[in-house]
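Chemist: Here you go, sequence then predicted model.
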Amino acid sequence: MKNCVVSTTASVMAEEELPGVLILDIGGTHGVLENLAPLLKKHFRLITMKEFLENKKEMSKKIQSVFVFECRPTVDRELLESLPNLKVIGNSGVGVDHLDLKMISNFGVKVTNTPHAVADSTADIGMALMLASARRLVEGCQIAVSPDTKCFAVDWLGVEVTRATLGIVGMGSIGYKVAQRARAFNMRILYHNRNRRRKEEEEAVGAHYCEKMEDLLQQSDFVMLVVNLTPETHKLIGKKELGLMKPTATLINISRGAVIDQGALVEALQNKVIRAAALDVTYPEPLPRDHPLLKLNNIIITPHIGTATVQAIRMMAEEAIANMLAVLNGQPIPSEVFPK
Ligand SMILES: O=C(O)C(=O)CO
């Protein structure tokens with residue numbers, strides 16, 4: 001018998017299963033799950049939330065895995081209580097801050113994530129935000145299409161990324177990929193991490209370790225946040241930390257919105273405590289239309305698109321599937337996440 005996987009993306013898709021055939025009803029996913037379904041179907045019988053809720057009695061016993069696509073849906077106690085044979089939650093994405101790991105573990109259920117699959121695409125977004133903010137790309141695009149375009153607008157000069165100092169806060173798999181890219185720009189690379197990387201790894205990208213984050217903040221022209229969101233990193237960057245940064249510095253966030261105290265960031269940007277910010281993540285997502293961050297002109301915000309590429313979502317699904325299968329088959333689990 002094939003293993004069963006349930007999508008918790010109720011608003012996103014509904015998949016109907018007939019014997020030997022799986023029928024997907026995609027909803028508003030922009031084709032994401034439509035792309036992933038054939039991969040999942042190779043190993044799992046897909047059951048949607050809708051299908052599950054409509055036929056709980058029969059479905060609940062069949063479900064051994066829950067596939068969660070990135071940080072959108074969560075898994076609550078009620079769902080866990082209704083799945084007696086659940087063994088693993090395969091998160092497609094690296095951040096698992098939307099999952100209550102302790103509670104899930106109390107149900108004897110494992111959680112896995114996909115740190116390898118997300119690394120390149122998320123590092124690319126970090127670089128894209130850094131370059132776009134440095135060279136004021138969004139403003140440039142607006143000026144180019146506005147009726148009073150000036151070709152050489154010297155009053156909106158940018159700054160150079162090349163040879164600047166980049167401070168990476170959180171040098172995990174994504175942070176390291178950022179460092180590899182930054183090296184090609186001849187950037188001076190500083191990083192701060194709970195655990196120092198191996199010497200060979202530091203040398204390979206020319207990164208210098210800062211034991212204190214304060215040192216990194218003071219020296220960097222660009223500060224990029226790549227940490228996981230945990231109780232320790234919640235509002236890691238607030239008024240004090242922003243005050244340590246250079247007035248010419250730019251803050252880039254590709255981790256989770258709540259790593260920054262957004263109120264403090266609004267103030268810092270309004271008062272030019274720092275030059276600019278570029279965020280792929282905020283809280284909440286999306287921001288309400290009247291949020292003060294949206295009223296500033298020294299900020300770029302993208303809607304959490306770190307892994308929004310055809311290649312990344314496929315690799316994420318493959319990594320998640322490998323993890324889930326390893327759990328179900330009692331094999332070593334490539335990327336298990338443990339409660340703290
Ligand atoms: O993998 C994740 O958790 C992400 O949010 C990537 O942007």
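Modeler: Ah, there it is.
Chemist: got the contact list for whichever residue of the stretch 101-250 of the chain sits closest to the ligand?
Modeler: Closest contact between the stretch 101-250 of the chain and the ligand, by C-beta to the nearest ligand atom, is at Val118 (4.1 Å). Heads up, the C-betas are built off the backbone N, CA and C, glycines and all. Applying C-beta atoms under 8 Å, 6 or more residues apart in numbering, we find Val118 in contact with Gly93, Val94, Ser173, Ile174, Gly306, Thr307, Ala312, Met316.
Chemist: can I assume Gln270 is in contact with Leu296?
Modeler: Yes - in this structure Gln270 lies within contact range of Leu296 using C-beta atoms under 8 Å: 6.9 Å.
Chemist: Which one's more surrounded, these two?
Modeler: Leu296 (16 against 12; other C-beta atoms under 10 Å).
Chemist: can I assume the more buried one is in contact with Leu269?
Modeler: Yes - Leu296 lies in contact with Leu269 (C-beta under 8 Å); the separation is 5.1 Å.
Chemist: quick one: pLDDT of the spatially most distant residue from the centre of the chain?
Modeler: Going by C-alpha atoms, centre = their mean, the residue of the chain most distant from its centre is Asp148, 38.0 Å out. pLDDT recorded at Asp148 is 70.
Chemist: Just confirm it is within a helix.
Modeler: No - remark: Asp148 does not belong to a helix; assigned using DSSP: H, G, I helix; E, B strand; the rest coil, it is coil.
Chemist: Need the phi and psi values for the nearest residue to Lys239 once chain neighbours are set aside.
Modeler: In this structure, Lys239 finds its nearest non-sequential neighbour in Ala264, 4.2 Å apart by C-beta to C-beta, 6 or more residues apart in numbering. Dihedral pair for Ala264: phi -70, psi -30, per degrees, to the nearest 10.
Chemist: Look at the residue of the stretch 101-250 of the chain closest to the ligand and give its secondary structure.
Modeler: helix.
Chemist: Inside helices: which ones of the contacts of Val118?
Modeler: Ser173, Ile174, Ala312, Met316 (DSSP state H).
Chemist: Which of those residues sits closest to Glu78?
Modeler: In terms of C-beta to C-beta, no member of those lies closer to Glu78 than Met316, at 26.4 Å.
Chemist: Just the element for Gly158, please.
Modeler: According to DSSP states H and E, Gly158 maps onto no helix or strand at all.
Chemist: remind me which residues of the stretch 101-250 of the chain are low pLDDT?
Modeler: 149-155 (pLDDT under 70).
Chemist: For it, which residues are neighbours of the ligand?
Modeler: Selection of the stretch 101-250 of the chain residues close to the ligand by C-beta under 6 Å from any ligand atom yields Val118, Thr122.
Chemist: What ranges does the stretch 101-250 of the chain have for its strands?
Modeler: For the stretch 101-250 of the chain, the strands defined by DSSP state E, counting those that start in this stretch occupy 110-112, 165-169, 188-192, 207-209, 222-225, 250-253.
Chemist: Please identify which residue in the chain comes closest to the ligand.
Modeler: Counting by C-beta to the nearest ligand atom, the chain gets nearest to the ligand through Gly306 (2.4 Å).
Chemist: From the chain's centroid, how far away is stretch 223-237?
Modeler: Averaging C-alpha positions (C-alpha atoms, centre = their mean, to the nearest Å) puts stretch 223-237 12 Å from its chain's average.
Chemist: Give me the neighbour count for the residue nearest to Met224 when sequence neighbours are not counted.
Modeler: Closest residue to Met224 apart from its sequence neighbours, by C-beta to C-beta, 6+ apart: Ile252 at 4.5 Å. Residue neighbour count, defined by other C-beta under 10 Å, stands at 29 for Ile252.
Chemist: One more: Ile333?
Modeler: Ile333 has 17 neighbouring residues, counting by other C-beta under 10 Å.
Chemist: show me the contacts for it.
Modeler: Counting by C-beta under 8 Å, 6+ apart, Ile333 has contacts Lys110, Thr112, Asn323, Ala326, Val327.
Chemist: again, only this time at 10 Å
Modeler: Going by C-beta atoms under 10 Å, 6 or more residues apart in numbering, Ile333 touches Val88, Lys110, Val111, Thr112, Ala322, Asn323, Met324, Leu325, Ala326, Val327.
Chemist: Include neighbour count and distance to Thr233 when you put those residues into TSV, please.
Modeler: Formatted as TSV, the contacts of Ile333 follow (neighbours: other C-beta atoms under 10 Å; distance: C-beta to C-beta, whole Å):
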residue	neighbour count	distance to Thr233
Val88	25	26
Lys110	21	23
Val111	25	19
Thr112	24	21
Ala322	18	28
Asn323	26	24
Met324	27	27
Leu325	18	31
Ala326	19	28
Val327	22	27
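Chemist: Throw those residues into TSV and include distance to Lys50, thanks.
Modeler: Converted to TSV, those look like this (distance: C-beta to C-beta, whole Å):
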residue	distance to Lys50
Val88	22
Lys110	25
Val111	24
Thr112	25
Ala322	27
Asn323	25
Met324	21
Leu325	25
Ala326	28
Val327	25
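Chemist: From those residues, which land in helices?
Modeler: Ala322, Asn323, Met324, Leu325, Ala326, Val327.
Chemist: All good on my end, thank you.
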